[in-house]
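Trainee: what shape does this take:
(2 chains, ligands or ions: 1)
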Amino acid sequence: MQRILVGIKRVVDYNVRIRVKPDGTGVITDGVKMSVNPFDEIALEEALRIKERGGAEEVVVATVGPADCQQQLRTCLAMGADRALHVQTDARIESLTAARLLLKLVEREQPFLVLMGKQAIDNDNGQTGQMLAALWNRPQATFASKLQIDGQRAQVTREVDAGLETIEIDLPGVVTVDLRLNEPRYVKLPDIMKAKKKPLETIELATLGVEAQQQLQPVRFEPPAQRQKGIKVKDAAELVAALKQKGLL
Amino acid sequence: MSHRILILAEHSQNQLSVGTAKCVACAAGIPDAEITVVVCAADAGAVAAQAASLKDVSKVLTIEHPAHAHALGALIAPQIAALAGSYTHVLGPSSTFGKDVMPRIAAMLETSQISDIMAVESATRFRRPIYAGNALLTVEIAAGAKMVGTVRTASYQPAPGGGSATVEKVTSNVALPTHTRFVSVSAAKNDRPDLQTAAKVVSGGRALGSAEGFKILYQLADKIGAAVGASRAAVDAGYAPNELQVGQTGKIIAPELYMAIGISGAIQHLTGIKDARTIVAINKDSEAPIFEVADIGLVGDLFQVVPEIEKLLAV
Ligand SMILES: Cc1cc2nc3c(=O)[nH]c(=O)nc-3n(C[C@H](O)[C@H](O)[C@H](O)COP(=O)(O)OP(=O)(O)OC[C@H]3O[C@@H](n4cnc5c(N)ncnc54)[C@H](O)[C@@H]3O)c2cc1C
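Mentor: Take a look at the predicted model:
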């Protein structure tokens, strides 16, 4: 079966104002709105569009994390994914572990394409897709803003510092997506109802034979330095004078 | 014990990137650092010479291959992984080049990566921004683990010149994969300063209304010798090309002067300008969040204010 696997992550919603816990052990997540990582939504949207064009038969979403992640998997099912896989664990999962776990799912599901967000907006690591591609020994195309699949190959336009770069990769491979690839659809109420009946499989981490290795120990979380309060000027002339005074013009 | 640090050079075939010199500055902050820069290029001569002249670099390695005419992560990673054995740290810039290739190297080395290093506390302890810079995290890597990381270039000044490292050719016997092929790159050519390294940046948001509207920013930028930047909304709407996007998912910059014009100041945008020395905001909404971080704020209509500034600068 022509299958696409989409990796997703549950993260603090991008609209939430992040606050660090006073004791420096983390950021406050209690009672905070959680969502599907916005980049992963774009990855899923792309997978759904490929399927709707006849380029795939099945879209499977997968995540690694605690029981709560099932809410986000349900959202993905409501968006249109056919099936969800939940690797359940309460352990802190480093990117390399996530990649190792996803590789296990890849071996099981044999997708021709893995789509993921280019980064998760909580840790901003931007690693898992590339790590999966490396462990899988397959190509990676990161920061995709355009994706064209042509049989066993994909042409991917990437947003790079210089502008736009296009590369061609043999499939299967991993594509990580950037913001301008597409605009994800809104989930409609009937779809949420339907999603409740779609298959969601829970897999205990231990059964996959991967250890949740912890090589990176968080030592301290702290808020960033605040900028000093600035001044207001009333017009262009005052602005130019202020900048000249600072030697900036 | 000395720490052996390998830095993967970023370059344009004839010019070493400023980001690489910033990686050297970051590496120099690791105690007892012995710094090696590796250049993968079709013809590494010029770039290697530039790397060799950086202060604190003790050795430059070159891996030459015609396939290195374009930097493809899938091709570079196995060669760097093969070379990394005797190093304690492997670093690259947190540019799209480094972000693409470094995690692939880390996975091949079976090690975790620390992204966007902004400060070095010890050879094993590093600080980095998370949550779009709304929190800073200090992490410790397990003793004995090889450390792979990307360097948040906005946090460092480039390493100065004055070095004279030896240059050595490495012959790599790693078979290069053929599953990834370069097709093309489209980059706007212009004479303006580079957004990432410019001392001054004039940046526009959705309020500019069109690509046509953006022209008044280019005029102002040219008058003061600034680079031009943009918010995501402006790029999404097609007013400005993607390489101008500033923010969490665009470029992270640290200019002396940043002028945010018709930009509301969403947290994802502010992430990109936290290290700007002076932030100027021009916005018609006095409640816009950009004013909370601006050093100099002006409440007004940009279509009136910007031409006025230009006129004032003409005299
Ligand atoms: C995952 C994720 C990543 C993101 N990454 C980035 C990123 O990297 N960079 C980024 O910029 N954004 C990013 N965003 C988007 C961000 O949340 C904002 O939507 C975006 O920055 C808004 O752009 P803007 O300020 O131009 O537009 P708006 O928020 O629409 O602001 C326009 C401003 O212009 C002012 N204005 C209107 N007319 C005038 C006038 N005539 N004169 C003066 N002022 C005027 C308005 O008062 C308003 O404040 C990201 C969002 C998400 C979810």
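
Trainee: please list all residues in contact with residue 149.
Mentor: Chain wasn't specified; assuming chain A. The contact partners of A:I149, by Cβ atoms under 8 Å, 6 or more residues apart in numbering or on different chains, come to A:I50, A:G55, A:L113, A:L171. In this view, the C-beta of every residue, glycine as well, is placed from N, C-alpha and C.

Trainee: should've been chain B
Mentor: Shown in contact with B:G149 (Cβ under 8 Å, 6+ apart): B:H89, B:V90, B:L91, B:G92, B:M102, B:Q113, B:I114, B:S115, B:I117, B:F126.

Trainee: that one - that's part of a strand, no?
Mentor: Yes. The assignment for B:G149 is a strand, going by DSSP: H, G, I helix; E, B strand; the rest coil.

Trainee: so how far is chain A from it?
Mentor: Remark: distance between B:G149 and chain A (Cβ to the nearest Cβ, to the nearest Å) = 11 Å.

Trainee: how much space separates that residue from A:Q155?
Mentor: 31 Å (Cβ to Cβ, to the nearest Å).

Trainee: that older thread, from the contacts of B:G149, list just the buried residues.
Mentor: B:H89, B:V90, B:L91, B:G92, B:M102, B:Q113, B:I114, B:S115, B:I117, B:F126 (16 or more other Cβ atoms under 10 Å in any protein chain shown).

Trainee: those residues in strands, which ones?
Mentor: When DSSP state E defines the strands, the subset of the buried ones among the contacts of B:G149 inside them is B:H89, B:V90, B:L91, B:G92, B:Q113, B:I114, B:S115, B:I117, B:F126.

Trainee: of these, closest to A:E222?
Mentor: Closest approach between these and A:E222, by Cβ to Cβ: B:F126, at 13.8 Å.

Trainee: can you tell me how far the closest one sits from A:E46?
Mentor: 34 Å.

Trainee: what do you get for A:I203?
Mentor: 25 Å.

Trainee: higher neighbour count, those two?
Mentor: A:E46 (23 against 18; other Cβ atoms under 10 Å in any protein chain shown).

Trainee: returning to what we had before: which of the contacts of B:G149 come close to chain A?
Mentor: Of the residues in the contacts of B:G149, proximity to chain A by Cβ under 8 Å from any Cβ of the partner chain holds for B:M102, B:Q113, B:I114, B:S115.

Trainee: any chance of these in CSV, with pLDDT and distance to the ligand too?
Mentor: Shown next, in CSV, are the ones next to chain A among the contacts of B:G149 (pLDDT from 0 to 100; distance: Cβ to the nearest ligand atom, whole Å):
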residue, pLDDT, distance to the ligand
B:M102, 98, 20
B:Q113, 98, 21
B:I114, 98, 21
B:S115, 98, 16
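
Trainee: of all pairs in these, which one is the farthest apart?
Mentor: Distances among the ones next to chain A among the contacts of B:G149 were taken as Cβ to Cβ; the most separated pair is B:M102 and B:I114, at 9.8 Å.

Trainee: quick check: neighbours shared by these two?
Mentor: B:V148, B:G149, B:T150.

Trainee: got the contact list for A:A67?
Mentor: Contacts of A:A67 (Cβ under 8 Å, 6+ apart): A:Q88.

Trainee: correction: A:E58
Mentor: A:M1, A:Q2, A:R3, A:I4, A:K51, A:D82, A:R83 are the contacts of A:E58 under Cβ under 8 Å, 6+ apart.

Trainee: quick one: the lowest-mean-pLDDT helix or strand in chain A to chain centroid distance?
Mentor: Within chain A, no helix or strand scores below helix A:189-195, which has a mean of 94 by mean pLDDT, DSSP states H and E. Chain-centre distance of helix A:189-195: 23 Å, with Cα atoms, centre = their mean, to the nearest Å.

Trainee: tell me what that helix is packed against?
Mentor: Other elements packing on helix A:189-195 under the criterion 3 or more Cβ pairs under 8 Å, 6 or more residues apart in numbering or on different chains; DSSP states H and E are helix A:69-79.

Trainee: could I get the average pLDDT for the helix or strand hosting A:I149?
Mentor: Using DSSP states H and E, A:I149 sits in strand A:140-150. Averaging pLDDT along strand A:140-150 yields 98.

Trainee: if we can go back for a sec, farthest-separated two in the contacts of A:E58?
Mentor: A:Q2 and A:R83 (14.1 Å).

Trainee: higher neighbour count, these two?
Mentor: A side-by-side neighbour count of A:Q2 and A:R83, using other Cβ under 10 Å, places A:R83 first with 18 against 14.

Trainee: isn't that one up against A:P111?
Mentor: No. Using Cβ atoms under 8 Å, A:R83 is not in contact with A:P111, being 11.7 Å away.

Trainee: now the common contact residues for the two.
Mentor: A:V60.

Trainee: ranges for the helices of the stretch 151-300 of chain B?
Mentor: For the stretch 151-300 of chain B, applying DSSP state H, counting those that start in this stretch gives helices covering B:211-224, B:232-236, B:267-270, B:290-293.

Trainee: any low-confidence regions in chain A?
Mentor: Scanning chain A with the threshold set as pLDDT under 70 gives no residue ranges.

Trainee: helices of that one, start to end?
Mentor: Using DSSP state H, the helices of chain A run over A:38-52, A:69-79, A:95-109, A:128-136, A:189-195, A:236-245.

Trainee: the first one and the ligand, any residue contact?
Mentor: This points to helix A:38-52. Yes. For helix A:38-52 and the ligand, the contact criterion (Cβ under 6 Å from any ligand atom) is met by A:P38.

Trainee: list of residues touching that helix?
Mentor: Residues contacting helix A:38-52 (Cβ under 8 Å, 6+ apart): A:4, A:6-9, A:14, A:36, A:56-59, A:61, A:76, A:79-81, A:113, A:115-121, A:147, A:149, A:175-179, A:181-185.
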